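[1] sequence? don't have it. structure:
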């Protein structure tokens, strides 16, 4: 990236830039207007603490991440900044050390504040900048419904796609994995309702229809980012997705057997333990009582 720059190709066109490359967040320049955080969820608190040492003025900070709790962690560490969240539901693949390819897109990026409607103009600024660069994006008054919607989507598709090495379309077509995704969504919807999350759908059934009708088809060829993490020998974001559903379920007395099973299996894979696909599907059937 230092010598050649960064390249993005695919659905949003071809782009080439020469970004500043540093080894430490603390080496970032202060005085910028907008900072974007695109780390894995498990690094958010550490990055937030480092940014607090860098950003001394009021700036816009945008969480461009998966899972729950990222925006809250940034807000807590950066009380002098206007912190926004973004729902990102397009997929990309790293095709080189400094190259990425945008492969699928289910909907626009949505940028919004969390409980701070007075920051809507900041959200509009970020959204217009993204749109100008070729990324379909819009703003909204509250990011919470969008983040929860993304959790429903990610929790259903990511771990199963990673564990079974299947595309999103293949997961939807397989009887066992489709039943498992339905169960993940139903459990997550129950938990979201219990915690008072501002969902955009009145029932799990309504969301499931939206999921298979609107979200899966345009991303059918995509392979899970968790699969890419496992292939690279990296830790996954399972704790911020299905793990968050399990923890909230325990706090509210709601059983989440399929989400719990997916967390357990993903942890085994992170430790390097191989799980045969046929064995995994048999265990899925057992958990689902099929």
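    The structure has been received and is ready for your questions. Keep in mind that what you see is a predicted model, and the values were worked out from it rather than measured.
[2] Could you verify that residue 57 is part of a helix?
    No: according to DSSP: H, G, I helix; E, B strand; the rest coil, the state of residue 57 is coil, so it is not within a helix.
[3] Quick one, grab the pLDDT at it.
    pLDDT, residue 57: 89.
[4] hang on, isn't residue 89 packed against residue 106?
    Yes: contact between residue 89 and residue 106 holds when scored by C-beta atoms under 8 Å: they sit 4.5 Å apart. Just so you know, the C-beta spots here come from the backbone N, C-alpha and C atoms, and that holds for glycine as well.
[5] List the residues that are in contact with both of those two.
    153, 215, 219 (C-beta atoms under 8 Å, 6 or more residues apart in numbering).
[6] Which ones among these lie within strands?
    Assigned to strands by DSSP state E, none of the shared contacts of residue 89 and residue 106 qualify.
[7] Mind giving me the PyMOL select for those, buried ones only?
    Those of the shared contacts of residue 89 and residue 106 that count as buried under 16 or more other C-beta atoms under 10 Å are selected in PyMOL with:
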select buried, resi 153+215+219
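[8] Domain ranges for this protein, per the record?
    Per the record, the chain has its domains at 6-142, 145-288, by automatic domain parsing.
[9] ends of the last one, how far apart?
    Just to be clear, that refers to domain 145-288. One end of domain 145-288 to the other measures 28 Å (C-alpha to C-alpha, to the nearest Å).
[10] Ok, the shortest one next?
    With C-alpha to C-alpha applied, domain 6-142 spans 32 Å between its terminal residues.
[11] Quickly find the element holding the residue minimising distance to the centre of the chain.
    By C-alpha atoms, centre = their mean, the mean C-alpha position of the chain lies nearest to residue 66, the distance being 2.3 Å. Using DSSP states H and E, residue 66 sits in no helix or strand.
[12] and residue 161, what is it in contact with?
    167, 168, 171, 223, 224, 226, 227.
[13] if you set the cut-off to 10 Å instead, what comes out?
    167, 168, 170, 171, 177, 181, 222, 223, 224, 225, 226, 227 (C-beta atoms under 10 Å, 6 or more residues apart in numbering).
[14] what's the farthest-apart pair in those?
    By the measure C-beta to C-beta, 177 and 225 form the most distant pair in the contacts of residue 161, at 17.3 Å.
[15] helix or strand for residue 92, which one?
    strand 90-96.
[16] From the contact counts, what lies against the helix or strand that that strand is followed by?
    Moving toward the C-terminus from strand 90-96, the next helix or strand (DSSP H and E) is strand 99-105. Packed against strand 99-105 by the contact rule (3 or more C-beta pairs under 10 Å, 6 or more residues apart in numbering; DSSP states H and E) you find strand 6-10, strand 15-17, strand 90-96.
[17] Cool, thanks, talk later.
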